[in-house]
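Colleague: Here's a sequence, model it:
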Amino acid sequence: MNRIMIIGQPGSGKSTVARQLGERTGLPVIHIDKIHWQSGWVERSKAKKMRLCLEAEQKDQWIFEGGHSATWPTRLARADMLVCLERSVFLRLWRVVLRAVTGLGQTRPDMPEGCPERLRLLPEFIGYIWKTRNSARAKMRKLAAQAPTACQVVYLRSDEEVAAFLDAFSR
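Modeller: So this is what the prediction gives:
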């Protein structure tokens, strides 16, 4: 297993699963937020994000977590495994709020330096999560249905399933 693609909606645990899986496998972890954002919460251009994603996808080994769905098909074509995190919208909302409050002013390890947690845009982000709760899940399922036969597709819907999945990989 050389390339693992992890997708899920905000607050589903993508970054945490990717980090823990990276520790167990030794595979390098690529966080989409480090491609999407620059220091100071400056969003990269679509062209730059596309280029950076495609460059990262061409590497021999990776755990690539996150969105930028414009590059999902090319990423999936190279993946050995697709992990779909499907968690309830209420759990995800709780996690996003908790993350913002407990990490206020701090930069998460899956973010670029200079992008500390902040509360200012939290209501807008919560609205986005709620608005896209069904459409984003449908988009993930559509992608999973298009996975090449050589790509193993795994759905994780609970903490127990995530723990069992991670335990299957040696440390």
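
Colleague: Give me the nearest residue to the residue sitting nearest the centre point of the chain, chain neighbours excluded.
Modeller: Central residue of the chain (CA atoms, centre = their mean): Gly66, 2.7 Å from the mean position. Leaving aside its sequence neighbours, Gly66 sits nearest to Ile32 (CB to CB, 6 or more residues apart in numbering; 2.6 Å). For glycine as for every other residue, the C-beta is placed from the backbone atoms N, C-alpha and C.

Colleague: Over to Trp72?
Modeller: Counting by CB to CB, 6+ apart, Trp72 lies nearest to Leu143, which is 5.5 Å off, once chain neighbours are set aside.

Colleague: same check, this time on Gly67
Modeller: Leaving aside its sequence neighbours, Gly67 sits nearest to Ile32 (CB to CB, 6+ apart; 5.5 Å).

Colleague: show me where the chain has strands.
Modeller: Here the chain has its strands, by DSSP state E, at 3-8, 29-31, 37-38, 42-43, 62-65, 81-85, 152-156.

Colleague: returning to what we had before: phi and psi next, for the residue nearest to the centre of the chain.
Modeller: Per-residue torsions, Gly66: phi 120, psi -170 (degrees, to the nearest 10).

Colleague: chain center to stretch 110-121, what's the gap?
Modeller: Centre-to-centre, stretch 110-121 and its host chain are 16 Å apart (CA atoms, centre = their mean, to the nearest Å).

Colleague: Please renumber the chain so that the first residue is 57 from this point on.
Modeller: Okay, residue one is now 57; in that scheme the one you just asked about reads as stretch 166-177.
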